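A.B. asks: sequence and predicted model, in that order:
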Amino acid sequence: MLSKNTINFIRSLKDKKTRQQEMLFTAEGTKSVIELCHASKISVKGVFATKDWLEEYASEIPKNIELNDASNKELEQISSLKTHQNVLMVAKIPDSNIDKIAFDDGLNLIIDTVQDPGNLGTIIRIADWYGIKNVVCSLACADAYNSKTIQASMASIARVNVLYTDLNDFLSKHKLPVYGAVMDGENLKNIKLQIPAFLLIGNEGKGISTELKKYITHAITIAKVGEAESLNAAIATAIICDRMTFN
């Protein structure tokens, strides 16, 4: 049984400001929880699960992590999902210092004002799939530790550096090629790619911010055949990453 204080504290982590103050986040679902519990980058503070879940999966959780028996009602109270997943964990947000990250080894993603948490989580998962270690986000992007972002990333958050900074300042200091995904760029298939590089992806509706376009050294586009107006930001990221990492 969870105390009222514990329930209220975990519920408070739904708020971005509280997450940042406490440097804690939550994750839900069997796959994500088990994977994150084994990730060297993630420090887990506790796992909260139903008795049935613990009977089935407790052996897959490292011995040093505290396991807490929670009722269905308690999980409903602390879950960020419409239907709880029988297990929730609380973990420390990794301390990522952008000044200590090397960007000259492979492809790095630059994400400009992608505000949908599901899109950002999917982009983090795509980065993990293609072995991309760094995702640099504008300050106006969705929070990487929002529960919806975590859910969409499917534990990839543990293997990718997700960093937040002023992109104008960041790009002015780094001199790698910048491939900007725009509607009127050169066909991606015709580009001779240079790696290491930055891939700049813009907002879901407005594209890349005007102030950042000056840093684009290669304007690229995914050739359109049909009549769709645009592509989802995460889908576009996946298509371009596939081309750039397997060129």
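C.D. replies: That came through fine. Residues are numbered from 1 along each chain as shown.

A.B. asks: domain ranges for the protein?
C.D. replies: 4-92, 98-245 (automatic domain parsing).

A.B. asks: in TSV, list the ones you listed along with mean pLDDT and mean neighbour count.
C.D. replies: Backbone N, C-alpha and C define where each C-beta goes, glycine included. TSV is the format used below for those (pLDDT from 0 to 100; neighbours: other Cβ atoms under 10 Å):
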stretch	mean pLDDT	mean neighbour count
domain 4-92	97	17
domain 98-245	95	18
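
A.B. asks: start to end distance for stretch 20-33?
C.D. replies: 21 Å (Cα to Cα, to the nearest Å).

A.B. asks: so which residues make contact with that stretch?
C.D. replies: 10, 13-14, 19, 36, 45, 47, 53, 57, 78-81, 84-93, 95, 145, 147, 150-151, 154-155 (Cβ atoms under 8 Å, 6 or more residues apart in numbering).

A.B. asks: cool, stretch 94-105 as well?
C.D. replies: Taking Cβ under 8 Å, 6+ apart as the rule, stretch 94-105 contacts 23, 41-42, 133-134, 136, 161-163, 165, 170, 174, 176, 196, 198.

A.B. asks: re earlier: so of the contacts of stretch 20-33, which ones are in strands?
C.D. replies: Within the contacts of stretch 20-33, residues falling in strands by DSSP state E are K45, V47, V87, L88, M89, V90, A91, K92.

A.B. asks: the fourth one bridge partners, please.
C.D. replies: Listed by DSSP bridges, the beta-bridge partners for L88 are E28, F48.

A.B. asks: got JSON lines for the ones in strands among the contacts of stretch 20-33, with distance to S209 too?
C.D. replies: Putting the ones in strands among the contacts of stretch 20-33 into JSON lines (distance: Cβ to Cβ, whole Å) gives the following:
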{"residue": "K45", "distance to S209": "37"}
{"residue": "V47", "distance to S209": "40"}
{"residue": "V87", "distance to S209": "39"}
{"residue": "L88", "distance to S209": "36"}
{"residue": "M89", "distance to S209": "35"}
{"residue": "V90", "distance to S209": "35"}
{"residue": "A91", "distance to S209": "32"}
{"residue": "K92", "distance to S209": "32"}
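
A.B. asks: so which two of the residues you listed are the farthest from each other?
C.D. replies: Across these, no pair lies farther apart than V87 and K92, at 18.0 Å, counting by Cβ to Cβ.

A.B. asks: picking up where we left off before, and which of the contacts of stretch 94-105 is nearest A223?
C.D. replies: The closest of the contacts of stretch 94-105, once distances to A223 are taken by Cβ to Cβ, is F198, at 21.7 Å.
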